[in-house]
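Undergrad: With the sequence up front, the predicted model follows.
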Amino acid sequence: MELLRGDQTTRRGVRLACGVIALATLALAACNDNNQTGPIGANTLVFVGTVNGANATLSGSVVLTIDETRVAATFKIRTPSADAGTAANETGTASGIAPGDNGTATGTQTSTTLQDNTKTWTVDEWKGAAVSITAGTGAGQTSTVSSNTTNTLTVSPGWTTTPDGTSTYDITRTNTLQDNTKTWATDVWKGRTDSIAVGTGAGQAKTVSSNNANTLVLASAWTTPPDNTSQYVIKILTSTTLGDPSKSWTKNEWAAQPVFIAAGTGAGQTRTVSSNSENILTVSPAWTKTPDGTSQYLIETTIAITGTYNTSSKAFSATGGGYTFDGAYDGSSRLQGTFTGPTLSGTFLTERATNGPKAYCGTFTSTTAGENGIFNVTLHGAILFGMATGDAGTVLALDGTVSGSGVTVVNPNAPTGPPLAIGTVSTDGSSVAGTFDDGAGNMGNWQGARCDL
C-alpha cells in the first residue's frame, strides 16, 4: 500500500502517540498491523523509534501514526523536567539524642506524677522520654513519661517512692535520634523504620512517631541510645515505595502518574504512583524487585498534541503542552525530525513498523573518565537504529545489526573499522547490555531495558 500517491492531494493528519519509556497497549497493537483501516483512515502507516533529548535530558521511545483523518493524539514522556533521580534511603550519622531537661520537684507530687512549677513545657514534648530521680527522695528511680502538661510529668510505671521538694530529676530523651546536619520537613519520616547500622547501638530498629527539622522521635526508647558514632538508615525503599531524600515534592503531585526504573536494580519496571509525600512515592502494584540505591527512576507526564501532514513535502508538524514536533517522512522507511519543549529540545528517529520492533532505553558509563550519557535504540528485524547523547552534548547516530541475541553497533567515525559497541539481548528480551569503545579513548559499559512496554 502506497500512502503518498500523487493523486492523494488532500491534507493528511498526523497522529503522534509518543510513549517515552512505555507505550500504550493500543499503540503497540497498531505496531503489529501498520496498514490500518476503519475509523482512523483507510491509509495508515505506523512508525516506531526513539526520542532523544539534547545533553541527555530525555530518553525514550516514540510511536507515530500518519493517517488520512486523525489530527490529534497524546504522547507520554518521561524526562527530568517531569521528575527523575536516583532512589535512596535516608541516611546519616547521629549527633546523639535530643537534649533533655532537669530541675527540682516543686508543687504537688503523686505516685504517678512529678511537678516542677518553674517550667513552661510544651504539652507532650517529653512523651516517651525517660525521667530519673537523681538526688533526694526517691533517688535512683527511672520511669517513662507517658504525657506532660506545661509543668507536670505523668509517668508509667508509677514511682515506688513518691518524689518531694528534695527530689532533683533529669529528663533524658532516649527515644530520639538527632542529626544536626539535617533540615527535614515536619513528620516527613513518620511511620518509617529507623535503624542504627554502624556504631553505638548498631542493630536496633525503631518506628518514627514524629520528627522535626533534625530530630526523630521514636515510638519507644533505645536500649542503647545513639551517639556521634551511630550511622542510621531510615528505610523508604520497600516493595511498595520509592524514596528520594533529595526531593521536596508537593503532596500527591505525582498521583496516578507512571514511574519507571530506567537503570540499576529493578530496571524495566513501571508502576503507577498511588500517592506521594515530600520525598516518597507509594506505588501500585508492588515492585517485583525492590529498588535500591542504584535504581534510577523517571516519572511520566501525558501531553495532548495536534498536527498536520503535507503530502507534497512529506513534512509534518504537531504541537501541544508546550512541545513542538517537526519532521519529514522519506517516503520509504524512515521518519525523523526535531522537537522542542518548555525546558528541553532534541531529536527523534523512527522506522516504519512491519514486524514488531522493540525499543530499548538506557545509559552508558565510561570506565576511562570519558563522557557518560543516555541512549535509545530500536531493534527491528536484523537492523538496529537509534541515538546516543552524552551529558556534555555529544550526539551520535546509532546504526547496527542484530543476529540472534547479539547486537553490533557501527562506529560512525570509522564505519569499516571495529564496532562502536557490542552487546547481548537478554533471553526474555527485556534488557540489553554490553560494552563500547569509540576508538578515541572512551570505553565503558552500557545497559538498557525495554521502554515500549
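TA: Sure, I can see it. Residues are numbered from 1 along each chain as shown.
Undergrad: count of residues packed around residue 146?
TA: Look at residue 146: counted by other CB atoms under 10 Å, it has 15 neighbours. Every residue, glycine included, has its C-beta placed from N, CA and C.
Undergrad: Confirm for me that it is in contact with residue 157.
TA: No - contact criterion CB atoms under 8 Å: residue 146 and residue 157 do not qualify, at 9.7 Å.
Undergrad: Show me what residue 101 bridges to in the sheet.
TA: Beta bridges link residue 101 to residue 171, judged by DSSP bridges.
Undergrad: ditto for residue 305
TA: Counting by DSSP bridges, residue 305 is bridged to residue 73.
Undergrad: Isn't it up against residue 322?
TA: No - counting by CB under 8 Å, residue 305 does not reach residue 322; the two are 10.1 Å apart.
Undergrad: higher neighbour count, those two?
TA: Neighbours of residue 305 and residue 322, each counted by other CB under 10 Å, are more numerous for residue 305; the result is 22 against 11.
Undergrad: pLDDT wise, what is the more buried one at?
TA: Confidence at residue 305, expressed as pLDDT, is 70.
Undergrad: next one: residue 320
TA: Note for residue 320: predicted pLDDT of 79.
Undergrad: now residue 13
TA: Looking at residue 13, its pLDDT is 32.
Undergrad: Begin at 792 from now on, thanks
TA: Okay, residue one is now 792; in that scheme the one you just asked about reads as residue 804.
Undergrad: quick one: low-confidence ranges for the stretch 1142-1244 of the chain?
TA: For the stretch 1142-1244 of the chain, the stretches flagged by pLDDT under 70 are 1144-1147, 1242-1244.
Undergrad: Tell me where it has helices.
TA: All residues of the stretch 1142-1244 of the chain lie outside helices when identified by DSSP state H, counting those that start in this stretch.
Undergrad: My read is that residue 1101 contacts residue 1107, right?
TA: Yes - the pair residue 1101 and residue 1107 passes the contact test of CB under 8 Å, sitting 7.0 Å apart.
Undergrad: In terms of packing, which of those two has more residues around it?
TA: residue 1107 (23 against 13).
Undergrad: Who does residue 1111 form a beta bridge with?
TA: Beta-bridge pairing for residue 1111 (DSSP bridges): residue 1114.
Undergrad: quick one: it and residue 1081, what's the gap?
TA: In this view, residue 1111 and residue 1081 are 36 Å apart by CB to CB, to the nearest Å.
Undergrad: what do you get for residue 1166?
TA: For residue 1166, the distance to residue 1081 - CB to CB - is 26 Å.
Undergrad: of the two, who's got more company?
TA: Neighbour comparison, residue 1166 and residue 1081: the larger count goes to residue 1166, with 27 against 17 (by other CB under 10 Å).
Undergrad: Any idea what that one is bridged to?
TA: On the basis of DSSP bridges, residue 1166 is bridged to residue 1153, residue 1179.
Undergrad: got the contact list for it?
TA: Contact partners of residue 1166, counting by CB atoms under 8 Å, 6 or more residues apart in numbering, are 850, 1152, 1153, 1154, 1155, 1177, 1178, 1179, 1180, 1189, 1237, 1239.
Undergrad: Closest to residue 1161 out of the residues you listed?
TA: residue 1155 (9.7 Å; CB to CB).
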